[in-house]
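below are the sequence and a predicted model for it; my questions follow.
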Amino acid sequence: LNAAVEHFQLVLDQCPVSHPDRATALTNLAWARLQGFIRNDLEDIDVTASLFRDALALRPEHHLDYSSSLFNLTEALIWRYSKKSTTADIREAAHLYRELLPLCPDGTYVASQQIASIIEPPVDVSDEGIQLRRVVVELCPLGHQLRHHALHWLAQAVEARFIQCGSIGDIDETIQHQ
């Protein structure tokens, strides 16, 4: 893994900002670094997220790889959240997921990965986190293989917010989704 990181760093060093493959070089280095972070070989997830951000900045909305760049950044943010529990990371990931989901036709790999990623915890009890889970339920209509999971995790998030804030509306919604 260290050899891969070093190799991808060398490739990136040879791609000036104006080079057409710079975003790919950034992404390759970031993925290698993310794998190191996941395996606890590397500790600096901030650099990884920054590399994914830089790649995304080089791929405007109309670019063919824009959606995959959004996906990559959300992955880094979710991993950083899982280790550091930074609320800003989960909120940014939720925002990016909401931007990404409409770009991914139903049934595609990226769409199913996105739905699976946001169905599972971590649970975000913010309004934006719960709204994202509602959007996921909408994306999983009756009969969808992941609908019961989407409803379960929405109910879990609303219940967690009830425990935290005590709003009776949250407990009513929790009962509705269970």
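Arrived safely. Residues are numbered from 1 along each chain as shown.

do a quick rundown of the helices in the chain.
Counting by DSSP state H, the chain has these helices, from start to end: 2-13, 22-38, 45-57, 66-84, 87-100, 109-119, 127-139, 147-165, 168-177.

what comes up buried for the second one?
Judged by neighbour count (16 or more other C-beta atoms under 10 Å), helix 22-38 contains these buried residues: 22-34, 36-37. Using the backbone N, CA and C atoms, a C-beta is placed for each residue, glycine as well.

now flag whichever of those is closest to A76.
Checking the buried residues of helix 22-38 against A76 with C-beta to C-beta, the nearest one is L34 at 5.9 Å.

ok, back up a step: out of the buried residues of helix 22-38, which is nearest to Y97?
When the buried residues of helix 22-38 are compared against Y97 (criterion: C-beta to C-beta), the nearest one is L34, at 17.4 Å.

which stretch in the helices of the chain has the least confidence?
If those are sorted by mean pLDDT, helix 109-119 sits at the bottom with a mean of 56.

okay, which residue is most central for the protein?
Compute the mean C-alpha point of the chain, and by C-alpha atoms, centre = their mean the closest residue is T74, 2.8 Å away.

for R147, see how far away that one is.
Per C-beta to C-beta, to the nearest Å, T74 is found 22 Å from R147.

can you check E138 too?
In this view, E138 and R147 are 10 Å apart by C-beta to C-beta.

and if you look at S67?
Between S67 and R147 the distance is 23 Å, computed by C-beta to C-beta.

so between these two, which is more surrounded?
Taking other C-beta atoms under 10 Å, S67 and R147 do not tie; S67 has more neighbours (21 against 17).

so what's that one closest to, chain neighbours aside?
Closest residue to S67 apart from its sequence neighbours, by C-beta to C-beta, 6 or more residues apart in numbering: L103 at 4.5 Å.

let me know the pLDDT of the one you found.
Residue-level confidence at L103 comes out at 73, pLDDT.
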